[in-house]
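Peer 1: Sequence first, then the predicted structure:
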Amino acid sequence: MEELLSKLYIRLAESFKENLKLKEIKYLSDGNTVNVLKTFLSLNKTGKDLKALMYEGAIPIEELKYINKDGYEYCLKTKLLIKCTGASDNKAFIGLNGIFEYCSLSNLDFREAFIAYDFKTFPDLKYVLKPHEKVLCIFLILLGADSEKTMYNTETLTPKQLDSNHKFFKTIETVMHDNGVQLGKPITWGTGKDVSFRKFLTNNVQLPQTGLYKYKGKKYYLDLSKRKNVVFLLDLILDKYNEEQRLDVNDSFYDALRELSYKMLTEIGELRVEFNKNIIEILKS
């Protein structure tokens with residue numbers, strides 16, 4: 001059995017070297033031997049592409065039976081190897097279960113492979129919000145939409161109200177700028193996804209991934225139930241500033257929020273609400 005797995009493992013290693021980009025191949029500490037398990041687990045391939053790659057590492061079944069017929073039957077029964085289908089149904093290749101078994105029998109370290117898989121699947125992301133996402137966050141702060149109970153419900157708004165809310169987004173950008181708070185590059189109002197209220201809400205990339213932004217249908221809010229969430233949110237909005245600059249910028253940001261809260265009544269007909277207490281404490285501390 002071990003001889004069969006070894007042959008299939010080596011053939012798959014050759015397939016990786018023949019068909020993968022240099023940066024996709026991972027090697028053992030000797031720098032020459034392909035680390036098949038680590039390479040396999042770190043690949044970003046679609047199911048179709050991965051299947052084609054594994055098929056390239058297949059060996060004719062008759063050849064495997066010639067080496068060890070009983071071993072072939074055992075490996076097939078225990079799912080250590082996988083038969084190809086379609087036009088390649090006369091071949092078989094070593095699957096992940098077989099690769100793991102070979103590594104175990106050969107005393108190969110597979111911890112690095114699992115680390116590579118974890119890194120690929122759960123990368124340590126640094127979130128960077130677009131100006132559009134920051135404006136939306138500020139809008140929800142102003143509305144007091146900081147929990148599920150106080151979520152911003154757009155289902156009840158008329159087209160005219162949606163349009164006035166969209167225009168207020170522009171006011172947010174302007175007031176922040178006038179108070180010396182940089183949100184990023186100027187928003188291209190009137191083009192692409194910035195052309196209307198509904199489209200503007202979809203102009204986000206990382207905000208939904210932060211865990212702060214919640215929505216149910218056409219209802220939206222920020223989860224600011226914990227102080228650490230507020231700290232995280234403010235760091236995302238004010239990421240253009242270093243730690244030393246933040247004291248002054250916090251004051252400017254708070255002043256802009258106050259100015260905007262008074263403008264809400266005249267521009268969108270929303271009464272001024274008390275800001276989230278954690279936001280006030282952090283900005284004024």
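Peer 2: Structure received. Numbering: from 1, shown residues only.

Peer 1: Not counting its neighbours along the chain, what's nearest residue 188?
Peer 2: Nearest residue to residue 188 in three dimensions, chain neighbours excluded: residue 194, at 5.7 Å (Cβ to Cβ, 6 or more residues apart in numbering). (Each C-beta comes from the backbone N, C-alpha and C, glycine too.)

Peer 1: how far out from the middle of the chain is the helix or strand harbouring residue 169?
Peer 2: Here residue 169 sits within helix 159-178, counting by DSSP states H and E. Offset of helix 159-178 from its chain centre (Cα atoms, centre = their mean, to the nearest Å): 29 Å.

Peer 1: got it, and stretch 9-20?
Peer 2: 30 Å.

Peer 1: Return the set of buried residues in that stretch.
Peer 2: Residues of stretch 9-20 classed as buried by neighbour count (16 or more other Cβ atoms under 10 Å): 9-13, 15-16, 20.

Peer 1: hey, where'd the helices end up in the protein?
Peer 2: 2-19, 36-42, 47-56, 61-77, 96-105, 111-121, 131-143, 159-178, 197-201, 227-237, 243-268, 277-284 (DSSP state H).

Peer 1: closest one to residue 210 among these?
Peer 2: Smallest distance to residue 210 across these (Cβ to Cβ): 6.9 Å, for helix 227-237.

Peer 1: report the angle between the axes of that closest one and helix 131-143?
Peer 2: Interaxial angle of helix 227-237 relative to helix 131-143 (axes from the mean of the first three to the mean of the last three Cα atoms, to 10 degrees): 140 degrees.

Peer 1: rewinding a little: verify the stated contact: the residue nearest to residue 188 with residue 200.
Peer 2: Yes: here residue 194 reaches residue 200: they are 5.8 Å apart, a contact under Cβ atoms under 8 Å.

Peer 1: picking that back up, using CSV, list the CA coordinates for the helix holding residue 169.
Peer 2: The C-alpha coordinates for helix 159-178 follow below in CSV (Å, rounded to 0.1, in the frame of the first residue of the first chain):
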residue,chain,number,x,y,z
PRO,A,159,-39.2,58.1,-3.2
LYS,A,160,-39.0,61.8,-2.3
GLN,A,161,-37.7,61.0,1.2
LEU,A,162,-35.2,58.5,-0.2
ASP,A,163,-34.0,61.2,-2.6
SER,A,164,-33.6,63.8,0.3
ASN,A,165,-31.7,61.2,2.3
HIS,A,166,-29.4,60.6,-0.7
LYS,A,167,-28.8,64.4,-0.9
PHE,A,168,-28.0,64.4,2.8
PHE,A,169,-25.1,62.0,2.2
LYS,A,170,-23.5,64.8,0.2
THR,A,171,-24.1,67.2,3.1
ILE,A,172,-22.2,64.7,5.4
GLU,A,173,-19.2,64.7,3.1
THR,A,174,-19.2,68.5,2.8
VAL,A,175,-19.6,69.2,6.5
MET,A,176,-16.9,66.7,7.4
HIS,A,177,-14.5,68.3,4.9
ASP,A,178,-15.3,71.8,6.1
